[in-house]
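Visitor: Would you be able to build a 3D model of this:
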Amino acid sequence: MLSQATMPRRGTHVDQKAKHILIVGGGYVGLYTGLRLQRQLRDELRSGRVRITIVSPQSYMTYQPFLPEAAAGNLSPRHVVAPLRRVLNRVRILNGKVTKVHHANKSVTFEPSTGPAKELTYDVLVMAAGSVSRTLPIPGLKDAAIGFKTVGEAIALRNRVLALFDRADSTDDEQVRRRALTFVVVGAGFAGVEALAELEDMARDAVRYYDTLNESDLRWVLVEASDRILPEVGPEMGKWTLEELRERGIEVKMRTLLESCEGGHVMLSDGDRFESATIVWTAGVKASPVVNAGDLPLDERGRIKTTTRLTVAGVKDAFAAGDVAGVPDMTNPGQFCAPNAQHAVRQAKVLADNIVRHLKDRPLREYRHKYVGSVAGLGLHKGVANVYGVKLHGFPAWFMHRTYHLSRVPTLNRKVRVVADWTLALFFKRETLSLGEIESPREEFKAAAATG
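Guide: A predicted model of the protein is given here:
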């Protein structure tokens with residue numbers, strides 16, 4: 001018997017033998033797989049012969065490549081997310097998380113955002129839970145640092161940087177000022193470099209509105225354990241990016257580790273010691289913890305063992321894709337597909353097609369996609385790109401970065417809103433105002449209530 005939570009929408013014929021497709025995760029793979037299944041199984045969904053459910057902690061999908069621009073105030077936070085219920089109008093959305101997979105019984109344990117856990121049954125399982133930040137046991141990291149994977153983290157970071165400008169401008173204590181105006185980013189991949197570059201670019205605009213601050217008061221530090229930054233764009237473009245960041249006064253520390261950050265006291269392996277009120281951790285990701293809570297096979301990197309057809313290896317009626325899956329790269333034998341949006345979006349297309357083929361007992365297709373290259377934004381009118389071997393930097397790369405990602409944003413609604421934000425930015429200066437109080441909206445009321 002199906003639970004009420006997984007019943008089809010009102011007005012849809014209910015077939016007790018309906019095939020139930022359960023998608024765990026509402027990110028790139030979950031959204032794009034759901035979109036394609038909606039179109040290809042339109043008749044089956046309408047008649048009730050097939051049902052689709054997505055389980056996701058949030059009711060939206062975040063387009064992560066635009067998080068740096070949202071943090072810098074170039075895009076509205078609401079325009080970098082796609083509402084699942086509006087986009088997937090034939091799919092049941094359940095907000096919460098899957099805590100256990102019992103594939104032998106074709107069921108999962110689902111914990112809703114509020115209320116007791118329940119069991120959900122399915123016929124076909126899709127693991128698309130994505131990834132979480134990969135952290136290390138560094139003293140103080142848990143309490144002092146912030147990640148950069150969600151829209152909440154991006155906007156909180158923006159508010160924090162601007163609030164620290166307010167703090168520094170309102171005090172004569174040099175130690176307080178120095179701590180407030182020192183910003184550290186750990187990890188020099190896409191997330192770290194783009195976040196730092198966009199925030200630094202925003203800070204240059206913001207600092208002009210403060211009487212006692214200037215650009216020379218700001219200290220930006222990028223910490224990277226390896227000897228390269230932005231390895232995805234190749235050594236030549238990585239070197240150019242390094243030179244660009246250093247020309248902007250950003251300290252880039254290569255072959256350096258964060259040893260401790262207790263209480264905001266940063267200790268680096270090169271011997272540097274200083275205070276910082278902002279520490280951003282972007283040093284890699286790992287598969288969602290749900291992969292360790294079930295009976296699906298895992299590879300040596302802790303990802304779901306996946307075939308080139310995006311089926312879970314050695315298991316029937318189960319598929320996986322995206323960051324949570326170890327998908328063999330057919331264009332690079334012996335390697336696996338990189339955990340990035342480019343692969344996730346394309347895998348979702350093949351995954352949805354293979355689910356349809358699976359339901360119709362037809363042969364499955366293999367996923368094959370040659371990596372076309374990478375683009376990265378480094379602030380307004382600044383960027384770096386390596387696409388099909390064509391290497392660009394500066395304005396052309398920045399324009400290519402925006403054009404490419406605009407083409408990948410889901411739904412026409414969101415594309416138009418993003419273009420509107422960019423168009424307005426041509427005529428008006430971006431807002432450099434901290435709204436940090438929205439993160440704790442009851443504090444003022446609680447203070448008033450405490451005074452009677």
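
Visitor: pLDDT value on L164, please?
Guide: Note on L164: pLDDT of 95.

Visitor: Excluding sequence neighbours, find me the nearest residue to it.
Guide: A180 (4.2 Å; CB to CB, 6 or more residues apart in numbering). Backbone N, C-alpha and C define where each C-beta goes, glycine included.

Visitor: Tell me how many other residues surround the one you found.
Guide: Neighbourhood size, A180 [other CB atoms under 10 Å]: 27.

Visitor: ok, so what distance separates it from A225?
Guide: 27 Å (CB to CB, to the nearest Å).

Visitor: Also P83?
Guide: 38 Å.

Visitor: how about A397, what does it touch?
Guide: Applying CB atoms under 8 Å, 6 or more residues apart in numbering, we find A397 in contact with V375, A376, K382, G383, V384, A385.

Visitor: Mind doing that once more with 7 Å?
Guide: Counting by CB atoms under 7 Å, 6 or more residues apart in numbering, A397 makes contact with V375, G383, V384, A385.

Visitor: I'd like those laid out as TSV, including neighbour count.
Guide: Below are those laid out as TSV (neighbours: other CB atoms under 10 Å):
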residue	neighbour count
V375	25
G383	25
V384	28
A385	23
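
Visitor: What is the nearest of these to I229?
Guide: I229 lies nearest to V384 out of the contacts of A397, by CB to CB, at 10.2 Å.

Visitor: For that closest one, which residues count as its bridge partners?
Guide: Per DSSP bridges, the residues bridged to V384 are A376, H393.

Visitor: mind checking how far it is from G73?
Guide: 21 Å.

Visitor: Counting neighbours, what do you get for L222?
Guide: 28.

Visitor: what's the average pLDDT for the helix or strand it falls within?
Guide: If you go by DSSP states H and E, L222 is part of strand 219-223. On average, the pLDDT along strand 219-223 is 96.

Visitor: What of stretch 189-207?
Guide: 92.

Visitor: where in the stretch 301-450 of the chain is pLDDT low?
Guide: Low-confidence segments of the stretch 301-450 of the chain (pLDDT under 70): 371, 436-437.

Visitor: try 90
Guide: 301-302, 329-345, 368-415, 421-450 (pLDDT under 90).

Visitor: List the beta-bridge partners for P112.
Guide: G96.

Visitor: For the stretch 301-450 of the chain, which segments are assigned as helices?
Guide: Under the criterion DSSP state H, counting those that start in this stretch, the stretch 301-450 of the chain contains helices at 341-359, 395-408, 412-427, 443-450.

Visitor: right, so the ones you listed: which one is the most enclosed?
Guide: Mean neighbours per residue, mean count of other CB atoms under 10 Å, is largest over the helices of the stretch 301-450 of the chain for helix 341-359, with a mean of 21.

Visitor: Centre of the chain to that helix, how far?
Guide: 20 Å (CA atoms, centre = their mean, to the nearest Å).

Visitor: So what touches that helix?
Guide: 19, 21, 28-29, 32-33, 36-37, 40-41, 64-65, 124, 126, 309-310, 319, 321-322, 327, 337, 363-365, 367, 369, 371, 408.

Visitor: Next: stretch 265-285.
Guide: By CB under 7 Å, 6+ apart, stretch 265-285 touches 131-135, 141, 144-148, 157, 160-161, 164, 178-180, 182-187, 189, 191-192, 195, 223, 253, 256-261, 264, 323, 339.

Visitor: Among those residues, name the ones in helices.
Guide: Counting by DSSP state H, those place L141, A144, L157, R160, V161, L164, R178, R179, A180, A191, G192, A195 in helices.

Visitor: Generate TSV for those, with distance to L296 as supplementary columns.
Guide: Below are the ones in helices among the contacts of stretch 265-285 laid out as TSV (distance: CB to CB, whole Å):
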residue	distance to L296
L141	30
A144	35
L157	34
R160	38
V161	41
L164	44
R178	50
R179	46
A180	47
A191	27
G192	31
A195	33
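
Visitor: elements contacting the helix or strand following the strand holding L222?
Guide: Going down the chain from strand 219-223, the next helix or strand is helix 235-247, by DSSP H and E. Here helix 235-247 touches strand 251-253, strand 383-387, strand 390-393, going by 3 or more CB pairs under 7 Å, 6 or more residues apart in numbering; DSSP states H and E.

Visitor: any idea how far helix 235-247 is from the chain center?
Guide: How far helix 235-247 lies from its chain's middle: 24 Å, per CA atoms, centre = their mean.

Visitor: For the stretch 1-150 of the chain, which segments count as strands?
Guide: Ranges of strands in the stretch 1-150 of the chain, per DSSP state E, counting those that start in this stretch, are 19-24, 50-56, 60-62, 81-83, 92-102, 107-112, 118-121, 124-127, 131-133, 145-146.

Visitor: which one of those strands has the lowest average pLDDT?
Guide: Per-stretch mean pLDDT for those is lowest at strand 131-133 (a mean of 86).

Visitor: and that strand, what does it pack onto?
Guide: On a contact count with 3+ CB pairs under 7 Å, 6+ apart, strand 131-133 meets strand 285-287.
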